[in-house]
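Asker: Need the 3D shape of this:
(chains A and B)
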There are 2 protein chains.
Amino acid sequence: MSSFTAGVIVIGDEILSGRTQDTNSNYIAKKLLEAGIKLEEVIVIQDDKKTIIENVLKYSSKYSYVFTTGGIGPTHDDITSESISEAFNLQYETNKMAFEILENYYPKGEFNESRQRMAKIPIGSELILNPMTAAPGFIIKNIYVLPGVPEIMQVMFKELMKKIKKGKPKLVTTINTNLYESKIAKNLNNIQNNYTNASIGSYPYFNLAAKTGGVNIVVSSWDMKSIQPIVDDITKMIELNGGKSSIV
Amino acid sequence: MSSFTAGVIVIGDEILSGRTQDTNSNYIAKKLLEAGIKLEEVIVIQDDKKTIIENVLKYSSKYSYVFTTGGIGPTHDDITSESISEAFNLQYETNKMAFEILENYYPKGEFNESRQRMAKIPIGSELILNPMTAAPGFIIKNIYVLPGVPEIMQVMFKELMKKIKKGKPKLVTTINTNLYESKIAKNLNNIQNNYTNASIGSYPYFNLAAKTGGVNIVVSSWDMKSIQPIVDDITKMIELNGGKSSIV
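Answerer: As a prediction, this is how the structure comes out:
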């Protein structure tokens, strides 16, 4: 097990209506893996205060790190900051530094009431700076609040990753084979049973037009010093079954 | 409110490790919207029996329809069917029809033990046929169990949609404007307050290279007979603010 765990809360009706394909959680997942932080759950929820509060509290107590995306813009449907304040019974008020950053960013006279709303966050939060469009995210307790626009979220997340405590990275090796999944399933299960500190995932793919396919076998472990013995066992097993394998 | 609600449970370590970008929930979201079924939550969980059981039971009691994707293949990490059986205290056993379908599909002598496992489902389930690779999904109570491979999932889901009870479709219109979100946020909020049976979503986009951007405003309602009055109000408001608008 990694010493650090994480949960991601994707906030937005536009994801649930299918209008927007969420790519933020996939981006975060990859970066967390590199950072040795185990992402255990992702939830996509509506722009609804009660739902946000419930999930933020649940994830906050369950995981080392909680990342939220979406709902921190200037419009009436952006209720993430307000909801998180309420979740922790913290005052929802204008952050001086956020206000100044935004005031400097906008042309004179254009820092209107709606934009000023983006400076309102739970009292005691630390800002996550936004080098692209100024409006900051924030950190309160173990909650990291990020925007929904992927380009902006990614830049802010990258900066964030430089600062937070990381775990020992997970060891991961992927073996590709041209054999079908069912052909090797039993042997794979036997190998899995020999190594309880590692996990062996089996991901079939099909090229239906070409009538070909195969499996990507992902060997991973948070605990082992090396997963090479498992990789060797699998490679040998594929060979014995008349298949080809390669590390991808 | 739609008369029908739904939740989606995406099962798979490969999503949480970032290896695979989930596109199934986005596909399902779009199809449910067309079918007048309100998708209220999506959760991505690990290949872990306890977690699957917990979430299946929770979603089953919370939503009209629950769709799961992933974990019904032949390998040791495919534990969805087994877990759902256990969730409802139902025997996990070979379904005769599923067995025959699979037996006919595979060349003689290749319907091995691992493949036979794909015929094991909770007793009393109805099959969801798979015209591509034979291995069926199933329906038990209000749970619809689908595979994780998108091409196969989509074909099966389309068939499913022909059979299940649909709701009144949600009315949705999207208005694009070249104005920035903050410029219209306050007015949009006022319009929202005039129409409590509809929801107005505001989705900014930025082309950072070209330094342009704008907003897509999505007006939607499950209840109203027409959302044209709201669309008219918004279009007029954009014009008054010196912007352009178009229905997209």
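Asker: Okay, and the beta partners of A:Thr212?
Answerer: When bridges are called by DSSP bridges, A:Thr212 pairs up with A:Asn207.
Asker: tell me, how many neighbours does it end up with?
Answerer: For A:Thr212, the count of nearby residues is 10 (other CB atoms under 10 Å in any protein chain shown). Heads up, the C-betas are built off the backbone N, CA and C, glycines and all.
Asker: Which pLDDT does the model give it?
Answerer: Listed pLDDT for A:Thr212 reads 80.
Asker: what does the one 10 residues further on give?
Answerer: Confidence per residue is given as pLDDT, and for A:Trp222 that number is 91.
Asker: That one touches A:Phe4, doesn't it?
Answerer: No - using CB atoms under 8 Å, A:Trp222 is not in contact with A:Phe4; the gap is 10.3 Å.
Asker: which residues are in contact with both of the two?
Answerer: Both A:Trp222 and A:Phe4 are contacted by A:Lys38, A:Gly167, under the criterion CB atoms under 8 Å, 6 or more residues apart in numbering or on different chains.
Asker: So which residues of chain A form helices?
Answerer: A:13-16, A:24-34, A:49-62, A:80-87, A:96-105, A:113-117, A:150-163, A:181-194, A:228-240 (DSSP state H).
Asker: among the ones you listed, which is nearest B:Thr177?
Answerer: helix A:113-117 (14.7 Å; CB to CB).
Asker: what about that closest one, near chain B?
Answerer: Yes - applying CB under 8 Å from any CB of the partner chain, one finds helix A:113-117 in contact with chain B at A:Glu113, A:Ser114, A:Arg115, A:Arg117.
Asker: How about the last one: what's its closest non-neighbour residue?
Answerer: I take that to be A:Arg117. Leaving out its chain neighbours, the residue that sits closest to A:Arg117 by CB to CB, 6 or more residues apart in numbering or on different chains is A:Pro74, at 5.5 Å.
Asker: on that earlier part again, export the helices of chain A to a markdown table and tack on mean pLDDT and mean neighbour count?
Answerer: Listed next are these as a markdown table, based on pLDDT from 0 to 100; neighbours: other CB atoms under 10 Å in any protein chain shown:
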| stretch | mean pLDDT | mean neighbour count |
| --- | --- | --- |
| helix A:13-16 | 96 | 24 |
| helix A:24-34 | 97 | 21 |
| helix A:49-62 | 98 | 17 |
| helix A:80-87 | 98 | 23 |
| helix A:96-105 | 97 | 15 |
| helix A:113-117 | 92 | 19 |
| helix A:150-163 | 95 | 16 |
| helix A:181-194 | 92 | 19 |
| helix A:228-240 | 97 | 16 |
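Asker: what residues are up against A:Ser25?
Answerer: A:Ser25 neighbours (CB under 8 Å, 6+ apart): A:Val8, A:Val10, A:Val42, A:Thr69, B:Val44.
Asker: do the same with A:Val218
Answerer: A:Val172, A:Thr173, A:Thr174, A:Ile175, A:Ile200, A:Gly201, A:Ser202, A:Tyr203, B:Glu14, B:Ser17, B:Arg19.
Asker: do you know how far it is from A:Lys236?
Answerer: To A:Lys236, A:Val218 is 18 Å away according to CB to CB, to the nearest Å.
Asker: now do A:Ile217
Answerer: Distance from A:Ile217 to A:Lys236, by CB to CB: 13 Å.
Asker: What is the burial count for the nearest residue to A:Ala29 once chain neighbours are set aside?
Answerer: Sequence neighbours aside, B:Gly18 is the residue nearest to A:Ala29 in space, at 3.3 Å (criterion: CB to CB, 6+ apart). A count of nearby residues for B:Gly18, using other CB under 10 Å, gives 18.
Asker: So B:Gly18 sits against A:Thr23, correct?
Answerer: No - using CB under 8 Å, B:Gly18 is not in contact with A:Thr23; the gap is 10.7 Å.
Asker: dump the residue contacts of A:Phe138.
Answerer: A:Ser81, A:Asn95, A:Ala98, A:Ile121, A:Pro122, A:Ser125, A:Glu126, A:Leu127, A:Ile128, A:Val145.
Asker: filter these down to the ones near chain B?
Answerer: Answer for these near chain B: none qualify (CB under 8 Å from any CB).
Asker: nearest to B:Asn207, of those residues?
Answerer: Looking across the contacts of A:Phe138 and measuring by CB to CB, the closest to B:Asn207 is A:Ile128, at 23.2 Å.
Asker: what sits against the nearest residue in space to A:Lys141 that is not next to it in sequence?
Answerer: Of all residues not flanking A:Lys141 in the chain, A:Ser60 sits nearest, at 6.1 Å (CB to CB, 6+ apart). By CB under 8 Å, 6+ apart, the residues touching A:Ser60 are A:Val66, A:Ala87, A:Lys141, A:Asn142, A:Ile143.
Asker: Which members of those are positioned in strands?
Answerer: Those of those mapping onto strands are A:Val66, A:Ile143, per DSSP state E.
Asker: Closest to A:Ala135 out of the contacts of A:Ser60?
Answerer: Using CB to CB, those come closest to A:Ala135 at A:Ile143, 17.3 Å.
Asker: that older thread, so can I have CSV of the residues of helix A:113-117 next to chain B showing distance to B:Ile53?
Answerer: As requested, the residues of helix A:113-117 next to chain B are exported to CSV (distance: CB to CB, whole Å):
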residue, distance to B:Ile53
A:Glu113, 48
A:Ser114, 45
A:Arg115, 46
A:Arg117, 42
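Asker: From those residues, pick the one nearest chain B.
Answerer: A:Ser114 (3.3 Å; CB to the nearest CB).
Asker: So that closest one sits against B:Ala185, correct?
Answerer: Yes - between A:Ser114 and B:Ala185 a contact is recorded at 3.3 Å, counting by CB under 8 Å.
Asker: so what sits against both of the two?
Answerer: With CB under 8 Å, 6+ apart as the test, A:Ser114 and B:Ala185 both reach A:Pro74, A:Thr75.
Asker: Would you mind giving the domain segments of chain A?
Answerer: Taking automatic domain parsing as the domain assignment, the ranges for chain A are A:4-163, A:171-247.
Asker: residue contacts, A:Ile247?
Answerer: Going by CB under 8 Å, 6+ apart, A:Ile247 touches A:Thr173, A:Thr174, A:Ile175, A:Asn176, A:Val231.
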